[in-house]
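[1] Fold the following, please.
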Amino acid sequence: MRRRWVLIGAAVAAVVVAAVVANPFGTEAAPSAADDPSAVPVETTEVTRRDLTTDKEFQATVTFGESWVLHTDATGVVTGSHDEGEVVGYGEELIRIDDKPVVLARGDMPMYRELAKVDTSSRDDAGNRRKRQTGDDVAQLQRFLLDAGFDANGRLAADGTFGGVTESALKDWQKAVGLGVTGKVDSAQIVFAPQPVRIASADRVGDAFSELEVDPTDAEVQVDTNTRDRGFLPEGASVVVRLPDTDDALDGVVASQQETQDDSGSTVWRTTIVTDPAIDPALTATSATVEVTRVVAEDVLTVPVAALLALAEGGYAVETVGGDGATTLVGVEVGEVADGIAEIDGNIAEGDEVVVPG
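    Prediction:
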């Protein structure tokens, strides 16, 4: 923004000016007065070419997804537990009950039966010779033992059949973690899950064990908007996520947007945002702020809204300043307006100087 001494023409005096928006730009020092006695000082600025953007802020919710209860047959008194928000990985203790660990293992199939070596020389109630246990759950157990480093001196394979080698590797593991060395295992000792888990809630030490609630480890940020504002958050849009009680800003990307209903039954557009870096699973806050900048017009000529003059006959003009200080009204079409800046089109060029009424 500059201050110029210009000659005010009669045409300009006839302009009816609409409500003028306060000038958002700073000013430079004024030059010396012009020699012409009819010249008056005014503020001017240049027509610029730019992307026209607008900023918006949304209140958001931080969620770790839908929680679930891990099934275990363990019973007794809780002697060790995690705090809410702690992440448990494969091979780590989920909880200790009666001073015995319940360990998390990788697998899609739950531990639905006791796994053990079957005496194939014995017969069942129908008189049939018993067969060894086989199945995907056995293979899961074998993979867990291999990943944990218990391979029965290199003899164990994840072949899905529970035999003497699997029993030997299992006993080695049970001894190492402080469980009874039985060669048998059930969900009181190992719980399978398809991913590491975050502790959502757990019984306190000293309580009788009831259940272990967990949720996914990856946080999501969710924003509910109305139809008008959903355009600020299209899939793939970049945003900034700010968490409470911190100045840190996390980069985020809109992962999805879908129509749903909020708790009151109103229809909203729910936007899911993922951050990089990921939000710390230990976070217990449930709120966040999402900031987004939206491009409303690309590569357009712009002026401050305060530079627009409403004409008596309708439409708008800007008052351009020539090299000699004389001003001329130039009619323009007004496009998008954002944050005090207007898109214009007409017989005007980037770099032209226009008057901004004070």
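[2] CA only for contacts and neighbour counts going forward, please
    Noted.
[3] residues in contact with the residue lying closest to Leu301 once chain neighbours are set aside?
    Nearest non-adjacent residue to Leu301, counting by CA to CA, 6 or more residues apart in numbering: Arg49, 4.4 Å away. By CA atoms under 8 Å, 6 or more residues apart in numbering, the contact set of Arg49 is 299-302, 350.
[4] which of the residues you listed count as buried?
    Buried members of those, scored by 16 or more other CA atoms under 10 Å, are 300-302.
[5] still on that earlier bit, what's the distance between the residue nearest to Leu301 and Glu92?
    59 Å (CA to CA, to the nearest Å).
[6] same check, this time on Val197
    11 Å.
[7] Between these two, which is the more surrounded one?
    Val197 (24 against 14; other CA atoms under 10 Å).
[8] ok, now how distant is the more buried one from Asp276?
    Separation of Val197 from Asp276 (CA to CA): 20 Å.
[9] same deal with Val253?
    For Val253 relative to Asp276 (CA to CA), the value is 8 Å.
[10] Test my guess that Thr267 contacts Thr225.
    No: Thr267 is not in contact with Thr225 according to CA atoms under 8 Å; the separation is 9.2 Å.
[11] More neighbours: the two, which one.
    Thr225 (21 against 15).
[12] wait, what's in contact with the more buried one?
    268-271.
[13] Where do the helices of this structure begin and end?
    10-13, 136-147, 164-177 (DSSP state H).
[14] So what does Leu179 have for phi and psi?
    phi -100, psi 160 (degrees, to the nearest 10).
[15] Distance check, the closest residue to Asp172 other than its chain neighbours against Leu170.
    Among residues not flanking Asp172 along the chain, Phe150 sits closest, at 6.7 Å (CA to CA, 6+ apart). Phe150 sits at a distance of 8 Å from Leu170 (criterion: CA to CA).
[16] Counting neighbours, go ahead and name the busier of those two.
    Using other CA under 10 Å as the criterion, Phe150 and Leu170 rank with Leu170 on top: 25 against 22.
[17] Please list all residues in contact with the more buried one.
    Contacts of Leu170 (CA under 8 Å, 6+ apart): 145, 150, 183-184.
[18] In CSV, list those residues along with pLDDT and distance to Asp229.
    As requested, the contacts of Leu170 are exported to CSV (pLDDT from 0 to 100; distance: CA to CA, whole Å):
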residue, pLDDT, distance to Asp229
Leu145, 98, 52
Phe150, 98, 56
Gly183, 98, 60
Lys184, 98, 58
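[19] for the helices of the chain, which one ends up most surrounded?
    Counting by mean count of other CA atoms under 10 Å, helix 136-147 has the highest mean neighbour count of those, with a mean of 21.
[20] quick one: contacts of that helix?
    91, 105-107, 109-111, 115, 151, 156-162, 166, 169-170, 173.
[21] Mind doing that once more with 7 Å?
    105-107, 109, 111, 151, 157-162, 166, 169 (CA atoms under 7 Å, 6 or more residues apart in numbering).
[22] before we move on, what about stretch 253-261?
    233-239, 267-275.
[23] just the buried members of those residues?
    233, 237-239, 268-275.
[24] May I ask which two of those residues are separated the most?
    Val268 and Thr275 (22.1 Å; CA to CA).
[25] Extract the residue ranges of this structure that are flagged as low pLDDT.
    Residues of the chain that meet the criterion pLDDT under 70 lie in 1-40.
[26] which one's the longest strand in it?
    Counting residues, the longest strand in the chain under DSSP state E turns out to be strand 287-304.
[27] What count of nearby residues applies to the nearest residue to Pro244 once chain neighbours are set aside?
    Closest residue in space to Pro244, ignoring its immediate chain neighbours: Ala288 at 6.2 Å, by CA to CA, 6+ apart. Neighbourhood size, Ala288 [other CA under 10 Å]: 19.
[28] how far away is Asp339 from Asp218?
    Distance from Asp339 to Asp218, by CA to CA: 36 Å.
[29] Between these two, tell me which one has more neighbours.
    Asp218 (16 against 12).
[30] quick one: contacts for the nearest residue to the more buried one once chain neighbours are set aside?
    Distances taken as CA to CA, 6+ apart place Phe64 nearest to Asp218, at 6.0 Å, with adjacent residues excluded. Phe64 is in contact with 215-220, counting by CA under 7 Å, 6+ apart.
[31] nearest to Leu329, of those residues?
    Nearest to Leu329 among those, with distances taken as CA to CA, is Glu220, at 53.0 Å.
[32] so that closest one bridges to which residues?
    With DSSP bridges as the criterion, Glu220 is bridged to Thr63.
[33] ok now do the closest residue to Glu167 other than its chain neighbours, which residues does it touch?
    With sequence-adjacent residues excluded and distances taken as CA to CA, 6+ apart, Glu167 is closest to Gly183, at 5.1 Å. Contact analysis of Gly183 by CA under 7 Å, 6+ apart lists 116, 167, 170-171.
[34] one more time with 8 Å, if that's ok
    Contacts of Gly183 (CA under 8 Å, 6+ apart): 116-117, 167-168, 170-171, 174.
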